[in-house]
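**Student:** fold the following.
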Amino acid sequence: MKDQQIKENGHDFNHCESVYWVFTQLCNDQCDHCYNMSGPKGARLSEEECMAIIGNLPDRVERLILSGGEPLAERKLLYAILDRLREKYGGKTQIMLQTNGDLMTEERLDQLLEKGVTRIDIASIDRYHKKKGERMEWLRQLFLSRGMSDEETDPLVKKENFVKKEVASFGFWGATEDMWLGGNWARGRALQKGIWYQNPDHNFCAVLSGGIGFLTGQEDIPQEVSIQLWQINPCCPGTKEALGDARREKVADVLARLARNPVFEKINEGDPLAMGESLGISRDYAKARTRELKNICLWCDEFFEKHYDMKRLCARKPPA
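**Tutor:** Prediction:
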C-alpha cells in the first residue's frame with residue numbers, strides 16, 4: 001500500500017537527494033547562537049539508536065550530511081556510523097561532515113577519509129565560536145596536504161555546486177546576522193540569549209536547510225530532509241513537533257504520508273505564510289502574526305501549537 005501511495009504521488013520517497021543528520025548534540029563548545037542547545041552536556045543517541053536510524057533512511061541518498069553538536073566529540077559513534085553507511089550505500093552516497101574543526105588532527109582526518117567522507121565543512125568561522133577561525137589556515141594546509149580540493153569553499157546549497165565525490169573537498173563558513181544559525185532561527189540558546197533574527201520579512205523557509213523542497217526538491221535546490229537526533233523535520237530549525245521518529249519509522253513512509261497534504265505542500269514550496277489557507281487561515285493573518293512575533297519560525301511554532309495537529313494531520317479543535 002505504501003509503495004502504491006508513493007507511486008501515485010509521483011515521487012519516489014525512497015530516494016532522497018540530501019539528508020542532514022544531527023546525530024549528536026554533544027559539543028566541546030557552548031555557543032550562544034546554538035539552535036539545538038549543543039554543549040558538553042548535549043543530548044546524545046546510543047549506537048543502537050543510530051543503527052536503527054540508518055536502517056530507516058531511504059534506500060538511495062545522494063548526499064548525507066553528518067553534523068552536531070560536534071561530530072568529533074563522539075568519534076567512536078561517528079566511525080561506527082560511517083562504517084554502517086558504507087555498508088548500506090556501498091560508497092554511492094556522498095558523505096559530508098560539518099565540524100567546528102577544534103578537534104581535527106592529522107590522524108582523525110586520515111580516518112575520516114578512509115571511512116568514506118567526501119566533504120568536510122568547517123562551519124565555525126564566525127564570532128560565536130571560541131576559536132573564531134583561528135585554526136583556519138592550519139586546517140587549510142592540512143586538507144590540501146591530503147589532496148583535498150578547495151574549489152568550492154562556500155556552503156553547497158545549490159544543485160549546481162552539489163559536492164562531487166570524485167575528489168574530497170573542504171570549505172569554511174559560519175553564522176552571520178542574516179543567515180544560518182542563531183542570527184535567524186528563534187530556537188534553543190539563540191532564543192534564550194535574545195540573539196535570534198527579529199526580522200519578519202526574512203523567510204528562511206525559502207532557502208536550503210529551510211523547509212523548501214523537503215518533499216520534492218526545487219529547480220535549483222536539492223530535496224533535503226533534516227533529522228535532529230531522531231526527529232524527522234522539513235528543516236534544520238524543525239517544526240514544533242517532529243514529522244516522525246527515525247528510530248521507528250522509515251523516512252520514506254513519513255514523507256509519503258505528508259505528500260499531497262496542503263499544509264506541507266506549502267512548506268515544500270517555501271511558503272509558510274500560506275500553510276494555513278486550507279484551514280481558513282489567510283495569508284494576511286499569518287503575515288500579521290509573523291510581524292507581531294518578529295520571526296517566521298515563531299509563526300510556524302504558533303501554527304502547529306494552536307491550529308494544526310501534527311499527530312492527526314488535521315485542524316485542531318477550538319477550545320470548548
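
**Student:** only C-alpha atoms from now on, for both contacts and neighbour counts.
**Tutor:** Will do.

**Student:** and for the nearest residue to Leu229 once chain neighbours are set aside, the neighbour number?
**Tutor:** Nearest in space to Leu229, with sequence neighbours left out and distances taken as Cα to Cα, 6 or more residues apart in numbering, is Phe23 at 4.8 Å. If you count neighbours by other Cα atoms under 10 Å, Phe23 ends up with 28.

**Student:** right, and Phe23 touches Ser67 too?
**Tutor:** Yes - if you go by Cα atoms under 8 Å, Phe23 and Ser67 touch, sitting 6.6 Å apart.

**Student:** so what's Phe204 scoring on pLDDT?
**Tutor:** You'll see Phe204 listed with a pLDDT of 89.

**Student:** what about it, distance to Met51?
**Tutor:** 31 Å (Cα to Cα, to the nearest Å).

**Student:** looking at these two, which is more packed in?
**Tutor:** Neighbour count, other Cα under 10 Å: between Phe204 and Met51, Phe204 has more, with 24 against 15.

**Student:** what about the helices in the chain?
**Tutor:** Taking DSSP state H, the helices of the chain run over residues 2-8, 47-56, 75-89, 106-114, 136-145, 188-193, 251-258, 262-268, 283-293, 296-302.

**Student:** so how far is Ile267 from Tyr35?
**Tutor:** For Tyr35, the distance to Ile267 (Cα to Cα) stands at 20 Å.

**Student:** format the helices of the chain as JSON lines; extra columns: distance to Asp29 and mean pLDDT.
**Tutor:** Formatted as JSON lines, the entries for the helices of the chain read as follows, by distance: least, Cα to Cα, whole Å; pLDDT from 0 to 100:
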{"stretch": "helix 2-8", "distance to Asp29": "42", "mean pLDDT": "45"}
{"stretch": "helix 47-56", "distance to Asp29": "23", "mean pLDDT": "98"}
{"stretch": "helix 75-89", "distance to Asp29": "16", "mean pLDDT": "98"}
{"stretch": "helix 106-114", "distance to Asp29": "19", "mean pLDDT": "98"}
{"stretch": "helix 136-145", "distance to Asp29": "17", "mean pLDDT": "95"}
{"stretch": "helix 188-193", "distance to Asp29": "13", "mean pLDDT": "90"}
{"stretch": "helix 251-258", "distance to Asp29": "31", "mean pLDDT": "97"}
{"stretch": "helix 262-268", "distance to Asp29": "32", "mean pLDDT": "97"}
{"stretch": "helix 283-293", "distance to Asp29": "30", "mean pLDDT": "98"}
{"stretch": "helix 296-302", "distance to Asp29": "25", "mean pLDDT": "95"}
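
**Student:** now the ones you listed as CSV including distance to Cys27?
**Tutor:** Putting the helices of the chain into CSV (distance: least, Cα to Cα, whole Å) gives the following:
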stretch, distance to Cys27
helix 2-8, 38
helix 47-56, 17
helix 75-89, 12
helix 106-114, 17
helix 136-145, 19
helix 188-193, 14
helix 251-258, 26
helix 262-268, 30
helix 283-293, 30
helix 296-302, 25
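
**Student:** ok, which of the ones you listed comes nearest Asn28?
**Tutor:** Proximity to Asn28, assessed across these by Cα to Cα, is greatest for helix 75-89 (12.5 Å).

**Student:** so what does that closest one touch, helix or strand wise?
**Tutor:** For helix 75-89, the contact count by 3 or more Cα pairs under 8 Å, 6 or more residues apart in numbering; DSSP states H and E identifies helix 47-56 as packing neighbours.

**Student:** Leu258 versus Asp309, what's the distance?
**Tutor:** When distance is defined by Cα to Cα, Asp309 is 13 Å away from Leu258.

**Student:** so what's the closest residue to Val207 other than its chain neighbours up against?
**Tutor:** Here the nearest residue to Val207 in space, its sequence neighbours aside, is Gly270; by Cα to Cα, 6+ apart that works out to 7.5 Å. When the contact criterion is Cα atoms under 8 Å, 6 or more residues apart in numbering, the partners of Gly270 are 205-207, 210-213.

**Student:** swap in 6 Å and give it another go.
**Tutor:** Under the criterion of Cα atoms under 6 Å, 6 or more residues apart in numbering, the contact partners of Gly270 comprise 205-206, 211-212.

**Student:** want to throw these into CSV with neighbour count?
**Tutor:** Shown next, in CSV, are the contacts of Gly270 (neighbours: other Cα atoms under 10 Å):
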residue, neighbour count
Cys205, 24
Ala206, 18
Gly211, 32
Ile212, 30
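
**Student:** widest-spaced pair of those residues?
**Tutor:** Taking Cα to Cα as the measure, these have their most distant pair in Ala206 and Gly211, spaced 6.8 Å apart.
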